[in-house]
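>>> Any chance you can model this:
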Amino acid sequence: MILMFTLHYIRSKIHSCFPTVIRNLGNTTIHFNKGQVFGEATPSFLLNANDKNICGSPNDNTPMCNLITPSEDILKRRKDELSETDFKLEHLTSDQKQLLLETLLDRSTAFSKSLKTIGCTARVIPTFNFRSHNPIKTLPFEIPHAIQGTIKEELNELIEAGLIHISQWSLPMVLVKKKQNPTNPHKPASYRMALDLRLLNTILETSTYPLPKIPTLINEISKYPFYTTIDFCKAYWQILLPEEMQDVLTFTTPFGTFANRRLIFGLKTAASIFQALVDWFN
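Numbers count the residues shown, from 1 in each chain. Just a heads-up that it's a prediction; the model follows:
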């Protein structure tokens, strides 16, 4: 199955038009003529422009952008985690800084700084096409004894955060040493866990979804006096994997085998899947 996305504009009686994304779930190309009417959109409710709850109905808790609504505990943790020093605003004037800080802190529940508080969306459902459906099973790579305790702690944290679960498939896990924090040179080294997906990627069909070109993006932002960079917290891990794909992305360790519940980096179609999500918000 080939997934292709196209951007169309819907005319509205209230506003001139607004964009929406259409996804082709079939195996054949579908052509639309310019100005062709192929559907009718009706609002479920009207959202006030001043309403801060842009991802939920002002009348109930129904999500309107396919976000899996976080619990009250997660929202409280996000608020408690955030501080003024998390935002780099030194280049602004004092008035600009104060205004922006008030705006950001007023929306503190939109920011996450830990695994247990990251978001989750089903707006884009990852779909994978494999040339072979035979399960891949490999032996785990050796983990140095000195860091096994650190890795086990991180695995437990991922399980508690609901990002992985125990599984029977197996791909090898690799460890990448993170850069040492220069402000705390005595802190023990930390490691980023990744999967060796080379074998899986050989049987995974390449995505045709286009990625943006850097020169185009630079030209686009060059006309603005200000621009803001916002880093996604564990970006890929905010995309929920369908249940049938979770076992495929399983890694094996000396402490057991674990399946990913969320999208992971290293998969050759991951960037295209995430870009489709970003384009939807654009």
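>>> Please make it C-alpha for all contacts and neighbour counts, starting now.
Noted.
>>> Show me where this structure dips below the pLDDT cut-off.
For the chain, applying pLDDT under 70 flags the ranges 1-27, 38-69, 133-140, 168-169, 282.
>>> check contacts around residue 193.
If you count contacts by C-alpha atoms under 8 Å, 6 or more residues apart in numbering, residue 193 has them with 173-176.
>>> which two in these are spaced the farthest apart?
Pairwise distances across these peak at 10.1 Å for 173 and 176 (criterion: C-alpha to C-alpha).
>>> who has more neighbours, these two?
For residue 173 versus residue 176, the count of surrounding residues by other C-alpha atoms under 10 Å is larger for residue 173: 21 against 10.
>>> is it true that the more buried one touches residue 197?
No: in this structure, residue 173 is not within contact of residue 197 by C-alpha atoms under 8 Å, at 9.0 Å.
>>> circling back to that earlier point, anything in contact with each of residue 173 and residue 176?
Common neighbours of residue 173 and residue 176 (C-alpha under 8 Å, 6+ apart) are 193-194.
>>> How many residues are close by residue 213?
Applying other C-alpha under 10 Å, we find 8 residues neighbouring residue 213.
>>> sorry, that was for residue 174
Neighbours of residue 174 under the rule other C-alpha under 10 Å: 19.
>>> ok, now residue 84?
Residue 84 sits with 11 neighbouring residues when counted by other C-alpha under 10 Å.
>>> quick one: contacts of the helix or strand where residue 279 lies?
Using DSSP states H and E, residue 279 sits within helix 270-281. Residues from elsewhere that reach helix 270-281 (C-alpha under 8 Å, 6+ apart): 5, 20-21, 123-124, 126, 207-211, 236, 239, 263-265.
>>> ok, of these, which come out buried?
Buried by 16 or more other C-alpha atoms under 10 Å: 5, 123-124, 126, 207, 209, 236, 239, 263-264, out of those.
>>> helix, strand or coil for residue 217?
For residue 217, the assignment made with DSSP: H, G, I helix; E, B strand; the rest coil gives helix.
>>> if I look at it, how far off is residue 208?
Using C-alpha to C-alpha, to the nearest Å, residue 217 is found at 20 Å from residue 208.
>>> right, and residue 247 touches residue 259 too?
Yes: under the criterion of C-alpha under 8 Å, residue 247 makes contact with residue 259 at 5.2 Å.
>>> how does the chain divide into domains?
Per the record, the chain has its domains at 72-110, 145-182+189-281, by the TED database.
>>> just so I know, which of those lies nearest residue 117?
domain 72-110 (5.5 Å).
>>> The closest one spans what distance, first to last residue?
End to end - C-alpha to C-alpha - domain 72-110 spans 13 Å.
>>> Buried ones in that domain, by neighbour count?
Buried, per 16+ other C-alpha under 10 Å, within domain 72-110: 74-75, 77-79, 82, 97, 101, 104-105, 108-109.
>>> from those, which ones fall inside helices?
Of those, the ones assigned to helices by DSSP state H are 74-75, 77-79, 97, 101, 104-105.
>>> Closest one to residue 223 out of those residues, please.
Nearest to residue 223 among those is residue 97, at 22.1 Å by C-alpha to C-alpha.
>>> what's near enough to touch that closest one?
Contacts for residue 97 (C-alpha under 8 Å, 6+ apart) come out as 89-90.
>>> Please apply the same query to the one 4 residues further on.
Contact partners of residue 101, counting by C-alpha under 8 Å, 6+ apart, are residue 84.
>>> Distance-wise, check it relative to residue 275.
Distance from residue 101 to residue 275, by C-alpha to C-alpha: 28 Å.
>>> which residues in the protein form strands?
Taking DSSP state E as the criterion, the chain contains strands spanning 4-11, 17-24, 164-166, 171-177, 191-195, 250-253, 256-260.
>>> Flag every buried residue along the fifth one.
Residues of strand 191-195 classed as buried by neighbour count (16+ other C-alpha under 10 Å): 191, 195.
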